[in-house]
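Student: coordinates only, sequence not included:
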């Protein structure tokens with residue numbers, strides 16, 4: 001699954017923004033164009049991204065960039081260096097993507113102006129109760 005929103009959230013978290021509590025929704029909906037999968041992230045609007053550039057201009061070979069990128073200790077010791085931000089983004093994106101893949105989507109159902117979501121692990125009784133309310 002590819003999601004621009006998930007990449008944006010990974011970048012924002014890498015800079016200090018934070019997700020809100022219960023900040024995640026993953027639904028699948030049957031539409032006339034086929035299945036529509038939607039991942040929604042909710043962010044804490046008060047959290048701030050913080051940038052404190054504290055490094056001199058430098059030129060690095062690919063090998064030097066790769067070595068720093070792979071070195072978690074170096075990234076933590078140089079947290080405001082662009083390579084550390086890239087590493088944080090890479091790690092955060094991998095974690096968010098794994099999180100989405102590990103969770104089953106809820107089913108999104110629309111009937112007129114009404115919308116319901118049914119959790120993947122809902123009992124048949126719960127599904128019937130939710131559908132009856134539509």
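Tutor: Arrived safely, thanks for sending. Treat the numbers as computed from the prediction; the structure is a model and nothing was measured.

Student: ok, and for the strand ranked longest in the chain, which residues are buried?
Tutor: Longest strand of the chain, by residue count under DSSP state E: strand 19-31. By neighbour count with 16 or more other Cβ atoms under 10 Å, strand 19-31 contains the buried residues 19, 26, 27, 28, 29. For the C-beta atoms, the positions are set from N, CA and C on the backbone; glycine is no exception.

Student: Next: stretch 83-101.
Tutor: Within stretch 83-101, the residues that count as buried by 16+ other Cβ under 10 Å are 83, 84, 85, 86, 87, 88, 89, 92, 93, 96, 97, 100.

Student: can you state the direction angle for the longest helix seen in the chain and strand 19-31?
Tutor: Taking DSSP state H as the criterion, the chain has its longest helix at helix 82-102. Here helix 82-102 points in a direction 50 degrees away from that of strand 19-31 (axes from the mean of the first three to the mean of the last three Cα atoms, to 10 degrees).
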